[in-house]
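Q: After the sequence you'll find the predicted model.
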Amino acid sequence: MRKLCPNLDNEDGLDTVLEVPIPEEMFSLMGNTAALRWHNLRTFMKNQSLNKPSTSHFPAGVNSEFMALLKLVGSPLIPLQVHCDNGLTRPIRDCSVEASTAKYIVQQYVAAIGGLAALNAVNSMCAVGQVRMVGSEMHKGDDNNVYSTTTKMNSEVGGFVLWQKNPDLWYLELVVSGYKVSAGSDGAVAWNQSGSQPCHANKGPPRPLRRFFQGLDPRSTANLFLDAVCTGEKTINKEECFILKLETPADILQSQSTSQTEIVHHTIWGYFSQRTGLLVQFEDTKLVKMKAARGADHVFWETTMETSVGDYRYVDGINIAHGGKTSALLYRYGHAYNQKRRIEETWEIDEVDFNLNGLSMECFMPPSDLKRDDGDQ
């Protein structure tokens, strides 16, 4: 990952630190010579400060479409709030067999990830990583070519930086092929910003970033699935796994709906290895109904995201996933629509640090142009 840009105006000046480190591959694509690459990198940095994106090979007809897809895969939120319990316990009296089994599986996960003492010793985190994205065009709903993304489309590369102090206090910057998405939560409101668009608040109370549950934040993952039920077993990547399932309550779905949309359901699954106890896949499905005019048919958007999680390595005594792949399938149907689109993100974690000094509340404040309206997230 490239973190510095030389001072081209003053050869004796200090190098400039990139806000978001970029992969070497992204830097090498910026020109045929070293001088041209450095010049284009500096132009790229200036454009970011002015919110001017560059071009992309991603199959999107307009910039706004690409940004929407980038936010969908790169910075989605989970539907539930997570309140970290230092004891990671829930009473099992009067629990169903499925619920008590899930609590036992979570305890095995906590042991496999490093133990309760190691998790409770963490008060903040920073992660730096890189991503590669590839997507399909929009296909008819019964066209299986939507599942073949890698053979037809150019991939896009980028990097991200993620800061966190607790599940409701976090900040993300993601740059892919010159497009930048920022998102965060200050404990009172979760928000996102992309390109030259104003910063928008997400509906409902602040929630964690989905990316945390891709093996980056084991404590939040354990607390999330303490309230799950075990629904059976499944083989994932040749691993026999227990399936833990969470349904979002109706009142929470309503709080996240808008005047134009209704969230019908949002379901989460976690697949935990029976052999190692580790999380090997995180999955969620969200169905949104677009509110139609009187007499018109409703249009539905169903988004299914599956994230395989792997390459676990210990960092300060905690087993952190350092790689995986997220596959998102968008399905639009109703009112003569029957279309699907698939986007894949392969991600790697380059650095993880815990217990950072100087990470104050100011680091998580939303931009000054934050708009709190009834717009969809």
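A: Right, received. Where do you want to start? Numbering: from 1, shown residues only.

Q: For my notes, confirm F66 occurs in a helix.
A: Yes: checked against DSSP: H, G, I helix; E, B strand; the rest coil, F66 lies within a helix.

Q: That one contacts Y179, doesn't it?
A: Yes: taking contacts as C-beta atoms under 8 Å, F66 lies within contact range of Y179: 6.3 Å. C-betas here are computed from N, CA, C, even on glycine.

Q: Run through the stretch 201-350 of the chain and note the low-pLDDT ranges.
A: Scanning the stretch 201-350 of the chain for pLDDT under 70 picks out 295.

Q: Give me the residue at the spatial middle of the protein.
A: By C-alpha atoms, centre = their mean, the chain has its centre lying nearest to R211, at 3.5 Å.

Q: what about the residue lying closest to that residue once chain neighbours are set aside, how many neighbours?
A: Spatially, and ignoring its direct neighbours in sequence, R211 is nearest to L162 (6.6 Å; C-beta to C-beta, 6 or more residues apart in numbering). The local packing of L162 (other C-beta atoms under 10 Å) involves 24 other residues.

Q: Quick one: residues contacting L162.
A: 125-129, 170-172, 209, 211, 216 (C-beta atoms under 8 Å, 6 or more residues apart in numbering).

Q: pretty sure K234 is touching I243, no?
A: Yes: counting by C-beta under 8 Å, K234 does reach I243; the two are 5.5 Å apart.

Q: And the two? Which one has more around it.
A: The neighbour count for K234 versus I243, taken as other C-beta under 10 Å, is higher for I243 (20 against 13).

Q: would you say the more buried one is within a helix?
A: No: assessed with three-state DSSP, I243 is strand; it does not lie in a helix.

Q: what bridges to it?
A: G232, Y271 (DSSP bridges).

Q: Same question for I349.
A: G129.

Q: what residues are up against it?
A: Counted by C-beta under 8 Å, 6+ apart, I349 has contacts 127-129, 216, 320-323.

Q: Go through the residues you listed and flag which are in strands.
A: Among the contacts of I349, the members found in strands (DSSP state E) are 127-129, 320-323.

Q: quick one, helices of the chain?
A: Along the chain, counting by DSSP state H, helices occupy 24-28, 34-49, 63-74, 97-113, 116-120, 218-225, 250-256.

Q: So for the last one, what gets flagged as buried?
A: Within helix 250-256, the residues that count as buried by 16 or more other C-beta atoms under 10 Å are 252-253, 256.

Q: Next: the fifth one.
A: Applying a neighbour-count criterion of 16+ other C-beta under 10 Å, one finds 116, 118-119 buried in helix 116-120.

Q: Redo those as TSV? Include distance to K103 and pLDDT.
A: Below are the buried residues of helix 116-120 laid out as TSV (distance: C-beta to C-beta, whole Å; pLDDT from 0 to 100):
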residue	distance to K103	pLDDT
L116	14	93
A118	20	95
L119	16	94
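
Q: just those residues now: which is nearest A99?
A: Comparing these against A99 with C-beta to C-beta picks out L116 as the nearest, at 20.4 Å.

Q: and P205, how many residues sit next to it?
A: 16.

Q: separation between it and S185?
A: In this view, P205 and S185 are 10 Å apart by C-beta to C-beta, to the nearest Å.

Q: same thing with T231?
A: To S185, T231 is 30 Å away according to C-beta to C-beta.

Q: between K234 and I243, what contacts are shared?
A: Y271.

Q: thinking again about what came up before, adding distance to A293 as columns, could you present the buried residues of helix 250-256 in CSV?
A: Output for the buried residues of helix 250-256, formatted as CSV (distance: C-beta to C-beta, whole Å):
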residue, distance to A293
I252, 27
L253, 23
Q256, 23
